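J.: Take a look and give me a structure for this.
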Amino acid sequence: MINIQTLRKEYTKEALDISIVHCSPIIQFKLWFEEALNAEVNETNAMVLSTISSENKPSARVVLLKGFDEAGFSFYTNYESKKGKELAQNPHACLTFFWPELERQVRIEGVIAKVSKKESDDYFAVRPKGSQIGAWASPQSAVIASRDILVQNQEALENKYAHKEVERPEHWGGYVLKPDLIEFWQGRHSRLHDRICYALQENSGWKIERLAP
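T.: Numbering: from 1, shown residues only. Model (predicted):
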């Protein structure tokens, strides 16, 4: 059996310093995201969404980023899922990106809200039809007896929408996380990593600081 304690990788590719980062964390994220795309990082827009239940228990899962700008970072899901219910109870959440090919990580903390119905409609309309049907077929996070239930739901819906467009379910749509903290992490030798943190200050914009690894 492999000794997990001996698993180790040295990070040596890049450095990160306050003197070279952009004053806007959104633009800095854009620069890093584009570099990840150019490096053909697998699932560049995959991010861990961490939420907290009403009992203060954390949970996390991977979702896909579908847009970002000064308003925040957006993704889409079932509002009745576990994460949807937890966000309804506590809108504070965290997003984490890890791009191992570049030895980089980004953490984004903030408050989440639903996007407009029009934004959800517009995005739903450009999804593949199979994904549209999947939004109807799966009672996300609910206990089901077997996969047969999903298959049966899918087949019934494929017949129903065989010759017409699939409308967006009311229980499915987008969220946007408005950040108040964004941390950029660059792996460095001997675990002395570079961490540059942007913290939003009331009425004074973003404060940029270096954190100890």
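J.: what residue lies at the spatial centre of this protein?
T.: M47 (3.8 Å; Cα atoms, centre = their mean).
J.: got a list of what it touches?
T.: By Cβ atoms under 8 Å, 6 or more residues apart in numbering, the contact set of M47 is 62-65, 73, 75, 95-97. For the C-beta atoms, the positions are set from N, CA and C on the backbone; glycine is no exception.
J.: For PyMOL, what selects the buried ones among those residues?
T.: To isolate the buried ones among those in PyMOL, judged by 16 or more other Cβ atoms under 10 Å, type:
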select buried, resi 63+65+73+75+95+96+97
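J.: strand partners of the longest strand seen in the chain, parallel vs antiparallel please.
T.: In the chain, taking DSSP state E as the definition, the longest strand is strand 172-186. Strand pairing for strand 172-186, using DSSP bridges, gives strand 72-78 (antiparallel), strand 104-114 (antiparallel), strand 194-201 (antiparallel).
J.: With distance to V166 and mean pLDDT as extra columns, can I get the ones you listed in JSON lines?
T.: Listed next are the strands paired with strand 172-186 as JSON lines, based on distance: least, Cβ to Cβ, whole Å; pLDDT from 0 to 100:
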{"stretch": "strand 72-78", "distance to V166": "15", "mean pLDDT": "98"}
{"stretch": "strand 104-114", "distance to V166": "20", "mean pLDDT": "98"}
{"stretch": "strand 194-201", "distance to V166": "39", "mean pLDDT": "98"}
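J.: Find the one among these with the highest mean neighbour count.
T.: Counting by mean count of other Cβ atoms under 10 Å, strand 72-78 has the highest mean neighbour count of the strands paired with strand 172-186, with a mean of 21.
J.: Can you name the next helix or strand after it?
T.: helix 82-89 (DSSP states H and E).
J.: Does anything pack onto that next one? Which helices or strands?
T.: Under the contact criterion of 3 or more Cβ pairs under 8 Å, 6 or more residues apart in numbering; DSSP states H and E, helix 82-89 touches strand 46-52, strand 58-64, strand 72-78.
J.: Other residues contacting the last one?
T.: Put plainly, it is strand 72-78. Residues contacting strand 72-78 (Cβ under 8 Å, 6+ apart): 47, 49, 63-68, 83-84, 95, 108, 110, 115, 119-120, 123-124, 135, 138, 140-141, 171-179.
J.: go on, the second one?
T.: The contact list for strand 58-64, computed with Cβ under 8 Å, 6+ apart, reads 43, 45-53, 75, 77, 82-83, 86.
J.: switch to 6 Å and redo it
T.: Strand 58-64 is contacted from outside by 45-46, 48-52, 75, using Cβ atoms under 6 Å, 6 or more residues apart in numbering.
J.: how about those residues, which pair is most distant?
T.: Largest separation among the contacts of strand 58-64 by Cβ to Cβ: N45 and I52, giving 23.4 Å.
J.: re earlier: go through the helices and strands packed on helix 82-89 and name the closest to L31.
T.: So among those, strand 72-78 is nearest, using Cβ to Cβ, at 15.3 Å.
J.: tell me the angle that closest one makes with strand 46-52.
T.: 80 degrees (axes from the mean of the first three to the mean of the last three Cα atoms, to 10 degrees).
J.: okay, the angle between strand 72-78 and strand 58-64?
T.: Going by the same axes, to 10 degrees, strand 72-78 makes 100 degrees with strand 58-64.
J.: thinking H22 is in contact with F29, fair?
T.: No: using Cβ atoms under 6 Å as the test, H22 is too far from F29 to be in contact (9.1 Å).
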